[in-house]
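Asker: got a predicted model here, sequence first, then my questions.
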Amino acid sequence: MRRAGLLSGLMAVCTAAAAADYSGPLFDAHLHYNDEACTHDTPAPGCPHPMADVLARMQRNGVRAIVANSRPNDGTKALATAREQTRAAGVTVVPFVRLYRNRADYSNWFRDPTIVDMVNTELARGTPAGPYRGLGEFHLYDSANANGPVAKQLMALAEEKDLAVLAHVDDVAIDLLMANTPSKGQKMRLIWAHTGIGGSPVARVDELFARYPKLMGELSYRPGLACADGQLCPEWRALLLKYPDRFLIGSDTWINQRWQYYDELMKGYRTWLGGLPAEVARRIAWDNGARLFGVTSP
Ligand SMILES: [Zn+2]
């Protein structure tokens, strides 16, 4: 009896101390709909996440817009073509051209001229959800490849055509990629996937944000981001408060397991967003992505 009383007393204290989860709209700025998820309309054997499934996951999590990209580009096209279904789910699709037709392209795109041809073909074609708005996600496992001939060409093309890029790279490659744009990175809307998955120090992220006014940080998989109770660690909280207009959230559904845990991923974001001032939470959750791509608020 006494123990139960103590326990409920403690729970009351904890509940009072914890902020409520963020409950507004989410902009998933790093979403893949790859071939192994299955991009068909109807469930089939070996087809774990057909269109209706992924849209249901977005809808029940309050995800109202997505940056869609896929390997190959078919999944993106499927999402961009399913106008009635995405509208019914309340999801705006912002299509990006992926640089990968297959797995082999991950480690060769930056020097393969046929990738440029594919990108130009896709850009010229566009999608039923509107023109492509960006390039990527692309990876550079060796930052020096940011100076590969095709990497240089595509960075220049992205800035000229006012396309964003979604780049999974380290901090060294951010400087190299930015140097390859006509404005030397001053006009480039580069979304830094994971904001440094290798754990670039917060001070270094801060330095890059100060140097490149349109650099954005997407926060999936970011080491050191969340601490006890799923709330932001102090140095990350300080950085997000310093740059409330520069961060985005994303699911990074690069493997089917990420689709399986989509609810938990979004819940995790809602938890730490809830610990921020409401107006900062809203910007990181929704406004920053909506502003980047001109998406109207739900
Ligand atoms: Zn990714």
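Answerer: Noted; the coordinates are in hand.
Asker: pull up the residues of the stretch 151-298 of the chain that are close to the ion.
Answerer: Contact residues, the stretch 151-298 of the chain versus the ion (C-beta under 5 Å from the ion): 252, 254. All C-beta spots, glycine's among them, are computed from the backbone N, C-alpha and C.
Asker: where exactly do the helices run in the stretch 151-298 of the chain?
Answerer: Here the stretch 151-298 of the chain has its helices, by DSSP state H, counting those that start in this stretch, at 171-179, 202-211, 234-242, 256-260, 262-274, 278-282, 288-293.
Asker: adding distance to residue 95, mean neighbour count and mean pLDDT, write those out as CSV.
Answerer: Listed next are these as CSV, based on distance: least, C-beta to C-beta, whole Å; neighbours: other C-beta atoms under 10 Å; pLDDT from 0 to 100:
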stretch, distance to residue 95, mean neighbour count, mean pLDDT
helix 171-179, 21, 20, 98
helix 202-211, 26, 16, 98
helix 234-242, 28, 16, 98
helix 256-260, 19, 16, 95
helix 262-274, 20, 19, 98
helix 278-282, 25, 16, 98
helix 288-293, 10, 20, 98
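Asker: for residue 22, which of these is the nearest?
Answerer: When the helices of the stretch 151-298 of the chain are compared by C-beta to C-beta, helix 262-274 sits nearest residue 22, at 3.5 Å.
Asker: quick one: the closest one to helix 234-242, angle?
Answerer: 80 degrees (axes from the mean of the first three to the mean of the last three C-alpha atoms, to 10 degrees).
Asker: packing partners for helix 262-274?
Answerer: Helices and strands touching helix 262-274, as assessed by 3 or more C-beta pairs under 8 Å, 6 or more residues apart in numbering; DSSP states H and E, comprise strand 26-32, helix 51-60.
Asker: can you redo these as JSON lines with mean pLDDT, distance to residue 225 and mean neighbour count?
Answerer: As requested, the helices and strands packed on helix 262-274 are exported to JSON lines (pLDDT from 0 to 100; distance: least, C-beta to C-beta, whole Å; neighbours: other C-beta atoms under 10 Å):
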{"stretch": "strand 26-32", "mean pLDDT": "98", "distance to residue 225": "14", "mean neighbour count": "26"}
{"stretch": "helix 51-60", "mean pLDDT": "96", "distance to residue 225": "22", "mean neighbour count": "18"}
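Asker: so which of those comes closest to residue 166?
Answerer: With C-beta to C-beta as the criterion, residue 166 lies closest to strand 26-32 of those, at 6.6 Å.
Asker: run through the stretch 1-150 of the chain and note the low-pLDDT ranges.
Answerer: By pLDDT under 70, the weakly predicted segments of the stretch 1-150 of the chain are 1-18, 39-45.
Asker: for it, which segments count as strands?
Answerer: For the stretch 1-150 of the chain, strands defined by DSSP state E, counting those that start in this stretch occupy the ranges 26-32, 63-69, 92-97, 134-139.
Asker: can you check which of those strands gets nearest to residue 154?
Answerer: strand 134-139 (6.1 Å).
Asker: got a list of contacts for that closest one?
Answerer: With contacts defined as C-beta atoms under 8 Å, 6 or more residues apart in numbering, strand 134-139 is touched by 30, 32, 67, 69, 94, 96-100, 106-107, 109-110, 119, 154, 157-158, 163-169, 189, 191, 193.
Asker: now the buried members of these.
Answerer: For these, a burial check counting by 16 or more other C-beta atoms under 10 Å picks out 30, 32, 67, 69, 94, 96-100, 109-110, 119, 154, 157-158, 163-169, 189, 191, 193.
Asker: which non-adjacent residue is nearest residue 29?
Answerer: Spatial nearest neighbour of residue 29, chain neighbours left out: residue 248 (3.9 Å); criterion: C-beta to C-beta, 6 or more residues apart in numbering.
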